[in-house]
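Engineer: Following is a predicted model, sequence given first.
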Amino acid sequence: MPVAKPFTLMQNRIHHGFTLIELTVTIAIAGVLLAVGVPSMRNLIMETRLTGHVNQFIAAATFARSEAIKRGRPVTICRSVNAESGTDKCITTASGDYGSSDWGSGWIVIVPSENLVLHRQGVLPAKVYVAANPSTLRSITYNSFGGPVGALAGARLVFSYDGEFDRAVCINRAGRIRVVLDSVTCPT
């Protein structure tokens with residue numbers, strides 16, 4: 001005769017999901033991870049956007065330099081009056097609304113002797129500010145040898161996103177471009 005097994009509740013229990021305690025602990029852990037992760041993700045996104053704008057400027061300046069060498073004549077990158085509208089004019093004076101040192105209005109790469117625009121960069125987003133130092137820096141002209149015309153030693157453009165994440169683009173006497181944190185002095 002077969003022996004009957006004793007009935008226990010645990011042997012016959014079938015698991016159909018999570019317990020309330022397991023679900024509560026999982027939600028609590030997810031909440032803590034989100035609370036820590038979301039601000040870090042915001043900073044990462046802002047820094048990435050700013051890096052993109054810095055790289056756009058560096059690409060335009062490098063392009064201006066290489067075009068000056070290729071064409072054998074000066075090529076200028078300058079703050080634009082309104083690059084998006086096709087107004088091919090550089091801001092040259094400190095009068096009126098153009099007195100600010102902000103390059104966020106956009107820039108153009110132009111061959112001044114031919115009045116030929118090679119590249120346009122439109123207005124940057126509202127929270128991106130690009131301050132030139134010295135504040136009189138409104139254009140950078142490269143000669144046919146790829147060197148900047150004029151005294152640009154220590155010139156810098158500081159890119160910031162909503163007053164944070166500052167990056168400085170330094171341009172030395174030879175026309176070499178380097179990106180540093182705003183707190184670092186540009187090499188001459």
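Structural biologist: That came through, no problem.

Engineer: Now for the spatially most central residue of the chain: which residues touch it?
Structural biologist: For the chain, the residue nearest the mean C-alpha position is Leu50 (2.1 Å; C-alpha atoms, centre = their mean). When contacts are counted by C-beta atoms under 8 Å, 6 or more residues apart in numbering, Leu50 touches Val128, Phe159, Ser160, Tyr161, Phe165, Arg167. Where C-beta positions appear, they are placed from N, C-alpha and C, glycine not excepted.

Engineer: now, among those residues, which is nearest to Leu44?
Structural biologist: Taking C-beta to C-beta as the measure, Leu44 sits nearest to Phe165 out of the contacts of Leu50, at 10.4 Å.

Engineer: I figured that closest one hits Leu44, correct?
Structural biologist: No: using C-beta atoms under 8 Å, Phe165 is not in contact with Leu44, being 10.4 Å away.

Engineer: Just the C-alphas of the strand or helix carrying Thr76, formatted as PDB.
Structural biologist: Applying DSSP states H and E as the criterion places Thr76 in strand 75-82. The C-alpha coordinates for strand 75-82 follow below in PDB (Å, rounded to 0.1, in the frame of the first residue of the first chain):
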ATOM      1  CA  VAL A  75      40.200  84.500 -45.500                       C
ATOM      2  CA  THR A  76      38.200  85.800 -42.600                       C
ATOM      3  CA  ILE A  77      35.900  84.200 -40.000                       C
ATOM      4  CA  CYS A  78      33.800  86.900 -38.400                       C
ATOM      5  CA  ARG A  79      30.700  87.600 -36.400                       C
ATOM      6  CA  SER A  80      27.800  87.900 -38.700                       C
ATOM      7  CA  VAL A  81      25.100  90.500 -38.800                       C
ATOM      8  CA  ASN A  82      22.600  87.800 -39.700                       C
END
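
Engineer: Other residues contacting it?
Structural biologist: Under the criterion C-beta under 8 Å, 6+ apart, residues 60-61, 64-65, 67-68, 87, 89-92, 98, 103, 105-112, 118, 120-121, 138-142 lie in contact with strand 75-82.

Engineer: Run a quick neighbour tally on the residue nearest to the residue nearest to the centre of the chain when sequence neighbours are not counted.
Structural biologist: Leaving out its chain neighbours, the residue that sits closest to Leu50 by C-beta to C-beta, 6 or more residues apart in numbering is Tyr161, at 4.4 Å. Residues contacting Tyr161 under the criterion other C-beta atoms under 10 Å number 22.
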